[in-house]
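> everything below, folded, please.
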Amino acid sequence: MTRSASPDDPPRVFVYGTLMPGERNAHVAGAGVHAARATLAGFALFHLEPEGYPVLRPDPDAAPVQGWVYTYAPAAWTAALPGLDALEGVHDQPPLYARVRAVAQAAGSALEAWVYVFVRHERLRQGGAVRVPGGDWAARRHGSP
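Okay, here's the model as predicted:
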């Protein structure tokens, strides 16, 4: 369930799409962030057309999703979180995504982080929702195998 951040929350977010470095919404992540390549197990990655962005849904059998973990200084986290939630439609009615806790793997370490999970399940049953092989949206977007 999505809720406001507190001082006890991990100041991290796992990103797998337009928030990744070099992608169109990377600037929303804000300043004061350390980015590390990471993977996230337990979710399947889909690309939506015509929307042009990826979404996650729970799937324990899917290949790990490729992405990045952004780790923030406390003040930077407090500043960045409202913009991240707004971009992901967390507070829309109905919401587009929910911000949930997950454990990502980065450089051999398990890191607790927030991740945005798509909650408009009916959209995935419509045309244009394509599962991303290998869980790597950047490779799909940039024509890599």
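
> from here on, just use CA atoms for contacts and neighbour counts.
Fine.

> in the helix or strand of the chain with the lowest mean pLDDT, what's buried?
Counting by mean pLDDT, DSSP states H and E, the chain has its least confident helix or strand at helix 137-141, which shows a mean of 82. Neighbour counts over helix 137-141 (16 or more other C-alpha atoms under 10 Å) mark 137-138 as buried.

> what's that helix packed up against?
Contacts defined by 3 or more C-alpha pairs under 8 Å, 6 or more residues apart in numbering; DSSP states H and E place helix 137-141 against no helix or strand at all.

> again, 10 Å this time
strand 43-48, strand 53-58, strand 65-72 (3 or more C-alpha pairs under 10 Å, 6 or more residues apart in numbering; DSSP states H and E).

> so what's the gap between that helix and the chain middle?
14 Å (C-alpha atoms, centre = their mean, to the nearest Å).

> dump that helix to CSV, restricted to CA.
The C-alpha trace of helix 137-141 is given here as CSV (Å, rounded to 0.1, in the frame of the first residue of the first chain):
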residue,chain,number,x,y,z
TRP,A,137,13.0,-2.2,-21.1
ALA,A,138,16.1,-0.1,-22.0
ALA,A,139,17.4,-2.9,-24.3
ARG,A,140,13.9,-3.1,-25.9
ARG,A,141,13.7,0.6,-26.4
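
> can you give me the end-to-end distance of stretch 30-47?
Stretch 30-47 has an end-to-end distance of 24 Å (C-alpha to C-alpha, to the nearest Å).

> pLDDT score for the nearest residue to Arg123 once chain neighbours are set aside?
Spatial nearest neighbour of Arg123, chain neighbours left out: Ala129 (7.6 Å); criterion: C-alpha to C-alpha, 6 or more residues apart in numbering. For Ala129, the model assigns a pLDDT of 93.
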